[in-house]
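Novice: The sequence and its predicted three-dimensional model are supplied below.
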Amino acid sequence: MIRPLAISASLLASCATAGFAAEFFEGAWARTARECRNREGPGSGVLINLSGKENGKPAPLFDQYEHHCRIENVERSAKGAKLSLLCFEFWDDYTANRDGRRESVTIAARDRTRMKMDGKAYVRCRN
């Protein structure tokens, strides 16, 4: 349990310091600035990393607390994007590719620091 949190926290920190990503929705996000600071527990924080890698192979990641997803497809539109995901509750299941379930997330851009994900407002997290 600690290992996935540490991995997610380090990924979150690296994306947050990297500046703006290639796609408007890439990076670290949360419902509030306060939740951006809570990187070690349950909350609304999400990391979207299209350039993620596993064993040297592309592995785009959509990661939340106890909700780890591989991004299988990105459908872009003028208003945003729809991510098709394969999600796992536990990091061990993610790494073993077992007990996954298909989900999707719809993202709408507001600007470079704000977006809506499935109709809920999110802010980009900083350091």
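Specialist: Perfect, I can see it now. Numbering: from 1, shown residues only.

Novice: what's the helix or strand where Ser104 lies in contact with?
Specialist: Following DSSP states H and E, the helix or strand that holds Ser104 is strand 101-111. Here strand 101-111 makes contact (Cβ atoms under 8 Å, 6 or more residues apart in numbering) with 24-25, 62, 69, 79-88, 115-119, 121. From N, CA and C alone the C-beta is placed, and that goes for glycine too.

Novice: repeat for stretch 80-99
Specialist: Here stretch 80-99 makes contact (Cβ under 8 Å, 6+ apart) with 3-4, 7, 23, 25, 48, 62, 66-75, 100-109, 115-116.

Novice: Go through it and flag the buried ones.
Specialist: Under the neighbour-count criterion of 16 or more other Cβ atoms under 10 Å, stretch 80-99 has 80-81, 83, 85-88, 91, 94 buried.

Novice: Next, the distance between the ends of that stretch.
Specialist: End-to-end distance for stretch 80-99: 29 Å, by Cα to Cα, to the nearest Å.

Novice: next one: stretch 57-70
Specialist: Note: stretch 57-70 ends 12 Å apart using Cα to Cα.

Novice: and if you look at stretch 37-47?
Specialist: With Cα to Cα as the measure, stretch 37-47 spans 13 Å from end to end.

Novice: Would you pull up how far it lies from the middle of the chain?
Specialist: On the basis of Cα atoms, centre = their mean, to the nearest Å, stretch 37-47 sits 10 Å off its chain's mean C-alpha point.

Novice: One more: stretch 65-73?
Specialist: On Cα atoms, centre = their mean, the centre of stretch 65-73 falls 7 Å from the chain's centre.

Novice: What is the burial count for Leu61?
Specialist: Neighbour count for Leu61, taken as other Cβ atoms under 10 Å: 21.

Novice: And Val105, by the same measure?
Specialist: When neighbours are counted by other Cβ under 10 Å, Val105 registers 18.

Novice: The nearest residue to it once chain neighbours are set aside pairs with what?
Specialist: Of all residues not flanking Val105 in the chain, Leu83 sits nearest, at 4.7 Å (Cβ to Cβ, 6 or more residues apart in numbering). As for beta bridges, Leu83 partners with Val74, Val105 under DSSP bridges.

Novice: got it, and Arg114?
Specialist: Counting by DSSP bridges, Arg114 is bridged to Asp111, Val123.
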